[in-house]
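# Give the three-dimensional model of this entry:
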Amino acid sequence: MLWIKNGLTLDEIDELPTLAAEAANLPKDKGPWLIHHEAVEAKGNRGEEKRLCRVENFCKHHKGWGDLCFGIVQDVVSQVEREPAVLFKDKLNYKGPGGGGFLCHQDATAYATDDLAKRHVSVMVAIDASTKENGCLQVAAGRHNEGVFGHENGVMYGSIESKMHFTDVLVQPGDIVLFDSYLPHKSDGNATNGWRRLAYLTFNKKSEGDLHEDYYRKKAEVMKQGSISINLDFGGKIVD
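Presented below is the predicted three-dimensional model:
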């Protein structure tokens, strides 16, 4: 994992909330982007309410996100990989108050590694500050070199997870964090009254192919079953 603190300029950091809001307002079913909602407990024992939890496949269709993704972010990944990198998938997790977390998993099992690229690098771009209370990313540092761990539908077996040590990644707005698709990670739900928005822009080596459309075609098959991911790792409740 590579954590670049203050990886963006002050102007870019100031623009992030606007970019997140514009992605959130993309019209559902009127473009190639994907918009996911979850059911969360409403305040005052008023039952459940529907809330945005994720937007995907937007960087190629939004100028501001495209400038960020195909500018500094792509450049950093290409330098790390020591060869040109191309976008594999792009998502923005919103995690509002009461929003669900993610069970322990490795992205490799969700990225169709057997069919598409063998390794991927994800770049987290922090829009809001992450805390333990609002469901920060937790990583098992150093365990990315051990291949795919035992799992069921992408969720790591508890007997394996319990033997790992997890570190909280307490990012601030504008921080950039790179990690590869074999790093075990998870996050808790958001127990605060604020939002915890993080963009995850995932790349693969260009030498393995431009696979962005292939990935989203494969994911479309899974979404028909009502899942937010190829892994069944989302701890919340997805609703239409």
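# where's the least confident helix or strand in the chain by mean pLDDT relative to the chain centroid, distance-wise?
When the helices and strands of the chain are compared on mean pLDDT, DSSP states H and E, helix 212-223 comes out lowest with a mean of 87. Helix 212-223 sits 16 Å away from the centroid of its parent chain (Cα atoms, centre = their mean, to the nearest Å).
# Residues contacting that helix, please?
Applying Cβ atoms under 8 Å, 6 or more residues apart in numbering, the external contacts of helix 212-223 come out as 32, 34, 56-57, 60, 86-89, 111-112, 115-116, 229-230. (C-beta placed from N, C-alpha, C; glycine too.)
# continuing past that helix, what's the next helix or strand?
The C-terminal neighbour of helix 212-223 among helices and strands, as given by DSSP states H and E, is strand 238-239.
# Dead centre of the chain: give me the residue that sits there.
Nearest residue to the geometric centre of the chain (Cα atoms, centre = their mean): residue 200, 4.0 Å.
# Find the residue ranges of the chain scoring beneath the pLDDT cut-off.
44, 113 (pLDDT under 70).
# Tell me the helix or strand right after the longest helix along it.
In the chain, assigned by DSSP state H, the helix with the most residues is helix 10-24. Remark: after helix 10-24, the chain's next helix or strand is strand 34-41, criterion DSSP H and E.
# partners of that next one, with directions?
strand 48-56 (antiparallel), strand 238-239 (antiparallel) (DSSP bridges).
# Report the buried residues of whatever helix or strand comes next after the longest one.
The element immediately downstream of strand 48-56 (helix or strand, assigned by DSSP H and E) is helix 63-68. Neighbour counts over helix 63-68 (16 or more other Cβ atoms under 10 Å) mark 65, 68 as buried.
# Stretch 166-179 now?
Residues of stretch 166-179 classed as buried: 166, 169, 171, 173, 174, 175, 176, 177, 178, 179 (neighbour count, 16+ other Cβ under 10 Å).
# now swap in stretch 66-77 and tell me
Buried residues in stretch 66-77, counted by 16+ other Cβ under 10 Å: 68, 69, 72, 73, 74, 76, 77.
# could these go into a markdown table alongside secondary structure and distance to residue 46?
Listed next are those as a markdown table, based on DSSP: H, G, I helix; E, B strand; the rest coil; distance: Cβ to Cβ, whole Å:
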| residue | secondary structure | distance to residue 46 |
| --- | --- | --- |
| 68 | helix | 37 |
| 69 | helix | 38 |
| 72 | helix | 43 |
| 73 | helix | 40 |
| 74 | helix | 44 |
| 76 | helix | 44 |
| 77 | helix | 44 |
